[in-house]
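**Q** Just need the structure, nothing else, for what follows:
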Amino acid sequence: MSEVTSDPTRTFRRVLANTLLAGVTTTFLWFALTFWVYLETRSVLAASLISGLYMLVSAAAGSFFGAIVDAHRKKTSLVLSSTSTLLVYLVAGLIYLTVPVARLVDFTDAFFWLFNGLVLIGGVMGSLRSIALSTTVTLLVPADRRDKANGMVGTVNGLAHMATSVFSGLAIGFLGMGGTIVVSIVLTAAALLHLATIRIDEPHVERSERSRMDVRGTWRTIRAVPGLWALILFAAFNNLVMGVFMALTDPYGLTLFSVETWGIVLGVVGIGFIAGGACVARFGLGRSPLRTLLLVNMLLAVVGVATAIRGWQPLLVLGMFGFMFLIPVAEAAEQTILQRVVPFERQGRVFGLAQSVESAAAPVSSFVIGPLAQLVIIPFMTTDAGHTTFGWLLGDGPARGIALAFVAASLIMLVTVLAAFFSAAYRRLNRACAETEATIAPVVTPSPVPVAA
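**A** Modelled structure (predicted):
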């Protein structure tokens, strides 16, 4: 017998590769479902309902997922995520084979909610993987390189987004929903098999930490860091605004492009996601991740306004590229702040609670903006009054009502970010980040792994 040791950095990269494969799977089927429902129904309301429900379930599950991550080894959480996704996709495929399509696209029918709900659950289980991955960064990556590691996570998410955006549109266009489900099942199984080959060395989980959501303790942990609750609430409000874009971007894009072309467009602009994550991985986030976070949100608001002022295909592509470039920078900044100031043994629950609070805002705007856009804003922009009032800013076209919603949401975000820059909470959290030694958890010392001579 001989012995080899596992390299934490190499292990982290293998986990990232597995995350890419698993992320492709969950995003692929969810994107495809959104396209399919809108194309079958041509209803902004139906599309916004399933988008809002996805965000609502994600919000409800965050704290529960965080407790699972803290109470178990990180690999266990990753395996649970992939296994659950595979099972619900198998059931969704069985329903698609046995239930008429007309019932699956009628949102007054119980099978619409059952089928979409199963696909939704498979996608939401990706949140468990996301929380586990955030704590794995703390576990495996040296403290002074965690911001760059979070940038690598953003790059991987961008690769997954680009691949799924292209292939989900093409899959719906050429394979239909049935073939798309088959592809998703195969990819999910492959991710699970690959995960079985990865070993993650990590500390033993204390018995007192097992199976406890401990919301009260998590609340105390967050309150112990000056300004941290303000950061979470700021992110929640921004998600409230971004819910408008999440609910209406696909209907907006599908008024300008065919479904096949729209999928390709999403894939192309996904290069921005990769580029943004790669920039963080190469250059980091600067001396103040919090300041970087606010500046990026300010730029997101400006891009949101600029994208909507005309219904031009090139303008939408450029604007979405800007969004994709900035989002991984913002996410890496928030992850780095939490990894820096929250004790490792409670990071899963803090990440989960933050996800719950932040995600809870988006479904509110999604559920509101869908009916509001369908019944009020879009019809208003087709009237003479609407054209007279906003035509000088937004021009003409079938999607000018959605554009008006984009501009209003972006201006609200811009005002919020400017207010945050001058707040006392910003100054307190900035000081806390600067004063905290980024050594919440040391990189694990690998244990010898016996192998055959």
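
**Q** which stretches of the chain form strands?
**A** Per DSSP state E, the chain carries strands over the ranges 2-5, 448-451.

**Q** and the longest helix for this protein?
**A** As assigned by DSSP state H, the longest helix anywhere in the chain is helix 8-41.

**Q** mind listing what's buried in that one?
**A** 8, 11-12, 14-16, 18-40 (16 or more other CB atoms under 10 Å). C-beta coordinates here come from the backbone N, C-alpha and C atoms, glycine included.

**Q** now the stretch 251-400 of the chain, which segments are flagged as low pLDDT?
**A** 361-367, 397-398 (pLDDT under 70).

**Q** Show me where it has its helices.
**A** 259-283, 289-308, 313-341, 347-372, 378-381, 384-394, 400-421 (DSSP state H, counting those that start in this stretch).

**Q** ditto for the stretch 1-150 of the chain
**A** According to DSSP H, counting those that start in this stretch, the helices that the stretch 1-150 of the chain contains are 8-41, 44-71, 74-98, 101-104, 110-140, 146-174.

**Q** Who are the packing partners of the longest one?
**A** The reference is to helix 8-41. Secondary-structure packing of helix 8-41 (3 or more CB pairs under 8 Å, 6 or more residues apart in numbering; DSSP states H and E): helix 44-71, helix 74-98, helix 110-140, helix 146-174, helix 176-195, helix 228-256, helix 259-283.

**Q** Let me have those in a markdown table, adding distance to Ala432 as columns.
**A** Formatted as a markdown table, those follow (distance: least, CB to CB, whole Å):
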| stretch | distance to Ala432 |
| --- | --- |
| helix 44-71 | 21 |
| helix 74-98 | 26 |
| helix 110-140 | 17 |
| helix 146-174 | 16 |
| helix 176-195 | 36 |
| helix 228-256 | 8 |
| helix 259-283 | 21 |
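
**Q** Identify whichever of the ones you listed lies nearest to His387.
**A** For His387, the closest of the helices and strands packed on helix 8-41 is helix 228-256, at 17.2 Å, according to CB to CB.

**Q** Flag every buried residue along the closest one.
**A** 228-232, 234-254, 256.

**Q** Output the helices of the stretch 1-150 of the chain in TSV, with distance to Glu358 appended to each entry.
**A** As requested, the helices of the stretch 1-150 of the chain are exported to TSV (distance: least, CB to CB, whole Å):
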stretch	distance to Glu358
helix 8-41	19
helix 44-71	8
helix 74-98	20
helix 101-104	31
helix 110-140	11
helix 146-174	16
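
**Q** Tell me both backbone torsions, phi and psi, for Ser288.
**A** Main-chain torsions, Ser288, degrees, to the nearest 10: phi -130, psi 100.

**Q** correct me, but it touches Ala434?
**A** Yes: in this structure Ser288 lies within contact range of Ala434 using CB atoms under 8 Å: 7.4 Å.

**Q** Touching both of those two, which residues are there?
**A** Here Ser288 and Ala434 share no contacting residue, scored by CB atoms under 8 Å, 6 or more residues apart in numbering.

**Q** These two: which has the busier surroundings?
**A** Counted by other CB atoms under 10 Å, Ser288 and Ala434 do not tie: Ser288 has more neighbours, with 16 against 11.

**Q** and the residue most central in space within the chain, what does it touch?
**A** When CA atoms, centre = their mean is applied to the chain, the residue found nearest the centroid is Ser127 (8.0 Å). Taking CB under 8 Å, 6+ apart, we find Ser127 in contact with 58, 61-62, 65, 355.

**Q** repeat that with 6 Å
**A** Going by CB atoms under 6 Å, 6 or more residues apart in numbering, Ser127 touches 58, 65.

**Q** where's it relative to Phe65, distance?
**A** Going from Ser127 to Phe65 by CB to CB, to the nearest Å gives 6 Å.

**Q** next one: Met320
**A** Distance from Met320 to Phe65, by CB to CB: 29 Å.

**Q** more neighbours, the two?
**A** Taking neighbours as other CB under 10 Å, Met320 and Phe65 compare with Phe65 leading, 28 against 21.

**Q** pLDDT value on that one, please?
**A** Here the pLDDT value assigned to Phe65 is 85.

**Q** wait, isn't it in contact with Leu128?
**A** Yes: the criterion here is CB atoms under 6 Å, and Phe65 meets it with Leu128 at 4.4 Å.

**Q** Now the common contact residues for these two.
**A** Here Phe65 and Leu128 have no joint contacts, going by CB under 6 Å, 6+ apart.

**Q** isn't Glu62 right up against Val357?
**A** No Glu there; residue 62 is Gly. No: taking CB under 6 Å as the definition, Gly62 is not a contact partner of Val357, at 7.8 Å.

**Q** And for Ala191, the neighbour number?
**A** 25.

**Q** contacting residues for it?
**A** Neighbours of Ala191 in contact, by CB under 6 Å, 6+ apart: 21-22, 82.

**Q** Then Ala92?
**A** Contacts of Ala92 by CB under 6 Å, 6+ apart are 118-119.

**Q** One more pass at 10 Å, please.
**A** 29, 33, 114-122, 177, 181, 184-185 (CB atoms under 10 Å, 6 or more residues apart in numbering).

**Q** What of Leu294?
**A** Contact partners of Leu294, counting by CB under 10 Å, 6+ apart, are 231, 234, 288, 330, 333, 416-418, 420-421, 423, 426, 430.

**Q** Show me just the buried residues among the residues you listed.
**A** 231, 234, 288, 330, 333, 416-417, 420, 426, 430.

**Q** quick check, nearest of the residues you listed to Thr164?
**A** Ala330 (20.7 Å).

**Q** Relative to Gly319, how far out is that closest one?
**A** On the measure of CB to CB, Ala330 and Gly319 end up 16 Å apart.

**Q** Also Leu294?
**A** 21 Å.

**Q** One more: Gly284?
**A** Noted for Gly284: a distance of 26 Å to Gly319, by CB to CB.

**Q** Now for Val186, how many residues are close by?
**A** For Val186, using other CB under 10 Å, the count is 12.

**Q** cool, and Thr197?
**A** 8.

**Q** Let me see the contact set for Ala196.
**A** Contacts for Ala196 were tallied using CB under 10 Å, 6+ apart; they are 18, 75, 79, 82.

**Q** Sorry, wrong one. I was asking about Trp219.
**A** Going by CB under 10 Å, 6+ apart, the list of residues near Trp219 reads 229, 349-350, 353.

**Q** How about Thr9?
**A** By CB under 10 Å, 6+ apart, the neighbours of Thr9 are 140-142, 145, 149, 443.

**Q** Ramachandran coordinates for Leu285?
**A** Leu285 adopts backbone torsions of phi -120, psi 10, taken as degrees, to the nearest 10.

**Q** you'd agree it is up against Lys148?
**A** Yes: assessed by CB atoms under 10 Å, Leu285 is found in contact with Lys148 at 8.6 Å.

**Q** Spell out which residues are contacts of both of these two.
**A** In contact with both Leu285 and Lys148: 332, 336, using CB under 10 Å, 6+ apart.
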